[in-house]
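A.B. asks: For reference, the sequence and a predicted model appear below.
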Amino acid sequence: MKMVKSLILGSAAGLIAMGGAQAADLPVKAKAVEYVRICSLYGAGFFYIPGTDTCLKLGGYLRVDTTFNGGIYGGPAWSGDIAQGNRYRDYFAARSRLALTVDTRTATEYGVVRTFGQANIQFSTLGNNTFNPNSLATNLGNNTNLLDAAGAGYVAVDQIFLQFAGFTFGKSVSAFATPWNGYPGNNNSFLIGGPDYVTGVNNIQYTAQFGNGVSGTIGLDEPTVYGRTSLGYLATFPATAATATALAVNPASSVSTLGIAPNAYGGVWAPDIVGNIRVDQAWGLFQISGLAHLVNGSYNVLTSAGLPTALSEISGHPESKWGGAVMAALQIKNLPTGPGDDFKIDATYAHGATKAVISTSGASPSFGMFGGTSRPGAYQSYGFGYTSDGVYVPGGDIQLTDAWGVRGAFNHNWDPYWSTSLWGSYSQVRYNGTATAQYCAAFTGPVPGGAAVSGRAFSADFTCDPDFNVAMVGAVTRWTPVKNLTFSAEVGAFFLDQKMTGAITAQAAGATSPKPVATYEFRDQSTVFLNIRAQRNF
């Protein structure tokens, strides 16, 4: 028995020794895997970046749309080849876009630190709504539309900003804008009548929360793109019918039309100063906003394209003037017409800051549209609206332009799958008495020295008035068969009410246009468009 016990104990000791030797050769046990954790602090879709206390949300959408008788994203046929109705126009234009957003948030003793960015990978119809070789093939250095060539495409940036302790730094929506910008209910990016900063502008802003849904924001915006229309240079120059005058054509552009003055803005000397007071409640929203904008001219001597000459610096310049704008906006939610229904409206007045009224998600347009005529001897009719922050004659003061607009939409949900929005706007642009006289003198001549402007003649019943009105109306119906997938169709109309009367005999469009030298009746114009869209949000 003693022998058996010794054998068992010896065998156990040996096994223990062998196990210890083998254990020494095993790898060190790995750390536990850090699984992604949901972050519920800032709403659905956020998760913690592993190993940090920062919450991250990735999102975006894929959108494909086509506009018939218009530009991409529902741009009406209000200028260029498509407004002329010539054979260079495209009958439809399309864009495919993949938008990617990155949103990070971190809680700190100063409040939430947030960063946000959106990049749009997109491909559009080459030239948007024109295949005029003069505007595509011969302008290689300036035409970003050439990025839409076969196998190409491009990346556009909407907003990129940092928020900390109430401050916002970067490319974000201006404090002057409404939360819906230019989209109270429409799909298209061209609803004129108020400010539209949807893609963001470089700025610095500070927002204070006063409680009970009341907040105030002040900011400084970089105005080059989103704060300016043009500053009209009203000098007259000798011209032929082919080259027109300072008011007839900008040779660098194939879409310039008779009546559009060259742009004489100088460099940016001051930011736009903006601010708002806003009330957010369960019933909706109310906001009032203000903006101050410096109108800064270049020189008193320029070419007919607005370019400097050897005499420009010694000719002096007009004195800069401050303009501005004010806006009021209202949203009413929970309407009795149905769950989720709402009504949005905003009204804006501008003096020397017309971009606050005649605004799109890009640059502000001037309008040049052609149509039929019943006037004996006339070839076609023509209507135009010249958009500016002000005008000046060499040696004179800048005359600031006035504008006002109102726009809105009623949004109705028929059921969880179908919805409809009815939208519209109305705007006016007005030039004061001095500006009108200067504009008309430059438009009709004579040139310095008393000679008549060559290449143009006016009818006996012609009257000159640069004021104009624009109106838009439309409807969009959306079908959402499954969550975050929407198909929509939008129809819209644009109306130009211009104040010129009579007729002009001239080449009524740019030198790259096929429009002939002929008699054109001044007349109001209109156009319609149809936009079809499919969008998947994620």
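C.D. replies: That came through, no problem.
A.B. asks: CA atoms for contacts and neighbours, from now on please.
C.D. replies: Fine.
A.B. asks: Now do residue 501 against residue 507, distance only.
C.D. replies: Per C-alpha to C-alpha, to the nearest Å, residue 501 is found 17 Å from residue 507.
A.B. asks: Please say which of the two ends up with more neighbours.
C.D. replies: Taking other C-alpha atoms under 10 Å, residue 501 and residue 507 do not tie; residue 507 has more neighbours (26 against 17).
A.B. asks: surely that one meets residue 515?
C.D. replies: Yes: using C-alpha atoms under 8 Å, residue 507 is in contact with residue 515, at 6.6 Å.
A.B. asks: which SSE is the residue nearest in space to the middle of the chain in?
C.D. replies: With distances taken as C-alpha atoms, centre = their mean, the residue of the chain nearest its centroid is residue 361 (1.1 Å). Under DSSP states H and E, no helix or strand contains residue 361.
A.B. asks: got the residue ranges for the helices in this protein?
C.D. replies: 2-24, 80-84, 133-136, 433-444 (DSSP state H).
A.B. asks: Among these, show the one with the smallest mean pLDDT.
C.D. replies: In terms of average pLDDT, helix 2-24 trails the rest of these, at a mean of 43.
A.B. asks: show me the contacts for residue 122.
C.D. replies: 95-98, 153-156 (C-alpha atoms under 8 Å, 6 or more residues apart in numbering).
A.B. asks: nearest spatial neighbour of it, skipping sequence neighbours?
C.D. replies: residue 97 (4.2 Å; C-alpha to C-alpha, 6 or more residues apart in numbering).
A.B. asks: burial count for the one you found?
C.D. replies: Residues near residue 97, counting by other C-alpha under 10 Å: 21.
A.B. asks: Isn't it up against residue 119?
C.D. replies: No: in this structure residue 97 lies outside contact range of residue 119 using C-alpha under 8 Å: 9.9 Å.
A.B. asks: residues in contact with the top strand by length along the chain?
C.D. replies: When the chain is parsed with DSSP state E, its longest strand is strand 92-108. For strand 92-108, contacts defined as C-alpha under 8 Å, 6+ apart pick out 53-73, 112-125, 128-129.
A.B. asks: can you check stretch 201-221 too?
C.D. replies: 159, 166-175, 222, 226, 271-281.
A.B. asks: same deal with stretch 430-443?
C.D. replies: Here stretch 430-443 makes contact (C-alpha under 8 Å, 6+ apart) with 234-236, 247, 259, 391-393, 399-403, 464-468.
A.B. asks: If we use 6 Å, what do you get?
C.D. replies: For stretch 430-443, the surrounding residues in contact (C-alpha atoms under 6 Å, 6 or more residues apart in numbering) are 234-236, 399, 401-403, 464, 467.
A.B. asks: From the contacts of residue 122, list just the buried residues.
C.D. replies: 95-98, 153 (16 or more other C-alpha atoms under 10 Å).
A.B. asks: Export those residues as a markdown table, with columns for distance to residue 417 and pLDDT.
C.D. replies: Formatted as a markdown table, the buried ones among the contacts of residue 122 follow (distance: C-alpha to C-alpha, whole Å; pLDDT from 0 to 100):
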| residue | distance to residue 417 | pLDDT |
| --- | --- | --- |
| 95 | 25 | 95 |
| 96 | 24 | 96 |
| 97 | 24 | 97 |
| 98 | 24 | 98 |
| 153 | 33 | 87 |
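A.B. asks: nearest to residue 377, of these?
C.D. replies: Nearest to residue 377 among the buried ones among the contacts of residue 122: residue 95, at 41.4 Å, using C-alpha to C-alpha.
A.B. asks: I'd like to know how far the closest one sits from residue 72.
C.D. replies: From residue 95 to residue 72 the distance is 6 Å (C-alpha to C-alpha).
A.B. asks: What of residue 398?
C.D. replies: 35 Å.
A.B. asks: Neighbours of residue 148, how many?
C.D. replies: Around residue 148 there are 18 residues (other C-alpha under 10 Å).
A.B. asks: Am I right that it is in contact with residue 128?
C.D. replies: No: using C-alpha atoms under 6 Å, residue 148 makes no contact with residue 128, being 9.2 Å away.
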